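Build me a model from this:
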Amino acid sequence: MRYPKNTLDFIIVAFLWAEWFVKKCLWYFYCIFEKYDYWIHNRAVRKAAEKAEKNPPIFPDDNT
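I've put the predicted structure just below:
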């Protein structure tokens, strides 16, 4: 593995590595939040579908 010889290059490489590491760590929490959000939405859709099946809407008669 080649290491940078210049101090500025070493600082830039360290910063880029730290940025990559933080991105990977935060991406994990984002994926968990997204899965939770999908689960909550699907649960609400299922409850609304069950409610609509038990109590179907009654429309007015158009034969007047």
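
how close does Ile58 sit to Phe10?
74 Å (CB to CB, to the nearest Å). C-beta: built from backbone N, CA, C; applies to glycine.

quick one: which of those two has more around it?
Taking other CB atoms under 10 Å, Ile58 and Phe10 do not tie; Phe10 has more neighbours (12 against 6).

Which pLDDT value goes with that one?
At Phe10, the pLDDT value in this model is 89.

Phi, psi for Pro56 please.
phi -70, psi 150 (degrees, to the nearest 10).

That one: neighbouring residues, count only.
7.

Please apply the same query to Lys23.
Lys23 has 9 nearby residues by other CB under 10 Å.

That one sits in which helix or strand?
helix 7-54 (DSSP states H and E).

by contact count, what packs against that helix?
Applying 3 or more CB pairs under 8 Å, 6 or more residues apart in numbering; DSSP states H and E, one finds that helix 7-54 contacts no other helix or strand.

Report pLDDT for Thr64.
On the pLDDT scale, Thr64 gets 58.

cool, and Asn6?
88.

Equivalent analysis for the one 10 residues further on, please.
Each residue has a pLDDT score; the one for Leu16 is 93.

where does this structure dip in pLDDT?
1, 64 (pLDDT under 70).

The spatially most central residue of it and His41, how far apart?
Residue closest to the mean C-alpha point of the chain, counted by CA atoms, centre = their mean, is Glu34 at 2.5 Å. In this view, Glu34 and His41 are 11 Å apart by CB to CB.

just Ala49 next, same as before
13 Å.

What of Lys47?
For Lys47 relative to His41 (CB to CB), the value is 11 Å.

Now Lys5. Its backbone dihedrals?
phi -90, psi -30.

what about it, neighbour count?
Lys5 has 7 nearby residues by other CB under 10 Å.

nearest residue to Ile12 other than its sequence neighbours?
Pro4 (7.9 Å; CB to CB, 6 or more residues apart in numbering).

residues in contact with that neighbour?
Shown in contact with Pro4 (CB atoms under 8 Å, 6 or more residues apart in numbering): Phe10, Ile12, Val13.

Report the separation between it and Lys23.
21 Å.

number of nearby residues for Ala49?
When neighbours are counted by other CB under 10 Å, Ala49 comes out with 10.
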